[in-house]
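*Asks:* model the structure of this input:
(one chain, ligands or ions: 1)
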Amino acid sequence: MTSSPSTTFGERFVSAVGARGPLCAGIDPHAALLRAWGLDDDVAGLERFALGATEALAPHVSVLKPQSAFYERFGSRGIAVLERVVATAREAGALVLLDVKRGDIGSTTEAYAEAYLDPASPLACDAITASPYLGFGSLEPMVESARRHGAGLFVLALTSNPEGPEFQHARTDDGALVADRVLDHLRRLNADAEPLGSFGAVVAANLADASGHDLDIGGPVLAPGFGAQGGTVEDLRRVFGSGVAAVTPSSSRELLRRGPDAAAMRDEALRLNDELAALRP
Ligand SMILES: O=c1ccn([C@@H]2O[C@H](COP(=O)(O)O)[C@@H](O)[C@H]2O)c(=O)[nH]1
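*Replies:* This is a model prediction of the structure:
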């Protein structure tokens, strides 16, 4: 028999953002950034980069978001570095949201849930990103696992890339936009959760037009597209309005290019959190 978790992801998210501010620091070891830091694009370079950035940023941000792809490209040794990033960030008090965008038929989704949300797994995180492309219901094993383990799930709704609207603005059989249907499912999952549910949406900070979307899902919102992709603090105000209190805007390249100077990365994260504080009621 498993015991219930002592806190939900939604509760931990609210308290972490309250203590440290809303910024989510992305740890994306791009080959070009490794070179800019004077490192080789190999596993040793990956390790220096990813752990250097994590040690500099994790003690100061509420959420740290490693992008799995940049670790996976080095095979099992890259995943070993990712495991260390996750452990280091959690020890420093940051919530770890692994950007891994998983989603498959239910029976396989169950294995993904075990891999990333079960605390017994070497890669267990506080939350992951998930893709609803196989139908929102196919994510049920992740939803169930998140509930059981006090973890979180962030489902792609309105993404920051220009190709997103082709599918996300398509209509379902009842005439709703696909993205709005995803938001409706999340709202249902978060119903009655206080102060915030654990089922989040991914909604771009640089969304061209937010009108017509109900972005209040009663859960957290990850807002990529802030920084290197052009999204600004003003865009966050425009897109999320008074709902911005539930939003964690994420920045990867814009922060990481300040490295390898740890103080420069830390100071930029603190400066952004100060700027973001002005948005909150
Ligand atoms: O809609 C989305 C969903 C996820 N991402 C991810 O966020 C970061 C963005 O990196 P920047 O360097 O801050 O642009 C990256 O890991 C993406 O995979 C996104 O950009 N948009």
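*Asks:* what does the stretch 101-250 of the chain put close to the ligand?
*Replies:* Within the stretch 101-250 of the chain, the positions lying close to the ligand (Cβ under 6 Å from any ligand atom) are Thr159, Ser160, Asn161, Val202, Ala204, Pro224, Gly225, Gly227, Ala228, Gln229, Ser250. C-beta: built from backbone N, CA, C; applies to glycine.
*Asks:* what count of nearby residues applies to the residue nearest to Gly137 when sequence neighbours are not counted?
*Replies:* With sequence-adjacent residues excluded and distances taken as Cβ to Cβ, 6 or more residues apart in numbering, Gly137 is closest to Gly106, at 7.7 Å. Counted with other Cβ atoms under 10 Å, the neighbours of Gly106 add up to 14.
*Asks:* secondary structure element for Ser211?
*Replies:* Using DSSP states H and E, no element contains Ser211; it sits outside every helix and strand.
*Asks:* check contacts around it.
*Replies:* The contact partners of Ser211, taken as Cβ atoms under 8 Å, 6 or more residues apart in numbering, number zero.
*Asks:* give me the phi and psi for it.
*Replies:* Backbone torsions of Ser211, given as degrees, to the nearest 10, read phi -70, psi 140.
*Asks:* gap between it and Arg238?
*Replies:* 10 Å (Cβ to Cβ, to the nearest Å).
*Asks:* repeat for Pro5
*Replies:* Counting by Cβ to Cβ - Pro5 and Arg238 are separated by 36 Å.
*Asks:* ok, Val202 next?
*Replies:* Distance from Val202 to Arg238, by Cβ to Cβ: 18 Å.
*Asks:* those two: which is more packed in?
*Replies:* Val202 (24 against 16).
*Asks:* can you tell me the strand partners of the helix or strand where the more buried one lies and which way each runs?
*Replies:* Using DSSP H and E, the secondary-structure element containing Val202 is strand 199-203. Strand 199-203 pairs in its sheet with strand 152-158 (parallel), strand 221-223 (parallel), by DSSP bridges.
*Asks:* let's have these in a markdown table, adding mean pLDDT and mean neighbour count.
*Replies:* As requested, the strands paired with strand 199-203 are exported to a markdown table (pLDDT from 0 to 100; neighbours: other Cβ atoms under 10 Å):
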| stretch | mean pLDDT | mean neighbour count |
| --- | --- | --- |
| strand 152-158 | 98 | 26 |
| strand 221-223 | 98 | 27 |
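*Asks:* perfect, I'm done here.
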